[in-house]
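J.: Below are the sequence and a predicted model; questions follow.
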Amino acid sequence: MSDGEATRVDCHVKVLNERVVERARRAGLDVLVYAPHFTRLPEIRQQAAEYSSDDLLVVPAREVFTGTWKHRKHVLAIGLSEPVPDFIPLEAAMAEFERQDATVLAPHPEFANVSLAAEDIATYREAIDAVEIFNPKHFPWHNRRARDIADHLEIAPFTSSYAHLPDSVGVACTAFDATIESEADLCRAFAEDTARRIVYDNGATRLRTTAGELAHLVYENTWEKIDRFFLQGLEPTHPRHIAYDGRFEDVALY
């Protein structure tokens, strides 16, 4: 990545392995933002460092599940210095992000029961650095609604593959008019509203991606949910987990 070249960033992926890295390289990506579900920040950082190289930067991030499982609101945070658990109120999570001066993104707004509503984004307009205006898991009307929210509130846009499956990586990316070679560079690009292009495949590849990712969403919310919450026990990112040393006991929702 040399000065003057656009840096292509897939701003949100859930999977990371050699297949994902190869897929990212074939898609011409320079940066992946890796934010797996229910994984603590130190482990994410370790995995991101393991798969980063001179030609592909992997940036660690957390998609925090605020609220209850039934009414959860996902918020994507980059540049965290300390772990933040899931299942705490939105206002508590946003206060923690502000304390850590993290970059805050609104992924898939108003999608199903897992997203920030337009009212939430308006409330935290000054704290949110970008709104996702295209997500391949969306239907077209979801993307139109997301773009309307970003435009109305005058918040910068971003996109991602939101890949839960390796073959989805790179189907959408944000091309920044800046050189991004570190986590700090990416946070700075968002903070400074660096010029960018929203790039995505809207043909047959996108349709296959949508179908595959929606099928995975059904799995996530049926058997995987049962397995995770009833068979495996306390989540690693549960606010009452010993790893958080009691810091979030007073705001834990479970």
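T.: Arrived safely. Residues are numbered from 1 along each chain as shown.

J.: can you give me the strands in the chain?
T.: 7-13, 31-34, 57-66, 73-78, 103-106, 130-134, 157-159, 172-176, 196-200 (DSSP state E).

J.: do you know which of these lies nearest Ala189?
T.: Judged by CB to CB, the one of the strands of the chain that comes nearest to Ala189 is strand 172-176, at 5.0 Å. For glycine as for every other residue, the C-beta is placed from the backbone atoms N, C-alpha and C.

J.: Note down every partner strand of that closest one and its orientation.
T.: As defined by DSSP bridges, the strand partners of strand 172-176 come to strand 7-13 (antiparallel), strand 196-200 (antiparallel).

J.: In the stretch 101-250 of the chain, where is pLDDT below threshold?
T.: Counting by pLDDT under 70, the ranges of the stretch 101-250 of the chain that qualify are 203-233.

J.: Would you map the helices across it?
T.: 118-123, 140-153, 183-191, 204-220, 223-226 (DSSP state H, counting those that start in this stretch).

J.: Next, work out how far apart Asn143 and Ala106 are.
T.: 14 Å (CB to CB, to the nearest Å).

J.: More neighbours: those two, which one.
T.: Ala106 (29 against 20; other CB atoms under 10 Å).

J.: Surely the more buried one and Thr66 touch.
T.: No - assessed by CB atoms under 8 Å, Ala106 is found out of contact with Thr66, at 11.8 Å.

J.: any residues in contact with both of those two?
T.: Between them, Ala106 and Thr66 share these contacting residues under CB atoms under 8 Å, 6 or more residues apart in numbering: Val75.

J.: Using JSON lines, please lay out the strands of the chain together with distance to Tyr244.
T.: Listed next are the strands of the chain as JSON lines, based on distance: least, CB to CB, whole Å:
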{"stretch": "strand 7-13", "distance to Tyr244": "24"}
{"stretch": "strand 31-34", "distance to Tyr244": "21"}
{"stretch": "strand 57-66", "distance to Tyr244": "13"}
{"stretch": "strand 73-78", "distance to Tyr244": "15"}
{"stretch": "strand 103-106", "distance to Tyr244": "20"}
{"stretch": "strand 130-134", "distance to Tyr244": "27"}
{"stretch": "strand 157-159", "distance to Tyr244": "29"}
{"stretch": "strand 172-176", "distance to Tyr244": "31"}
{"stretch": "strand 196-200", "distance to Tyr244": "34"}
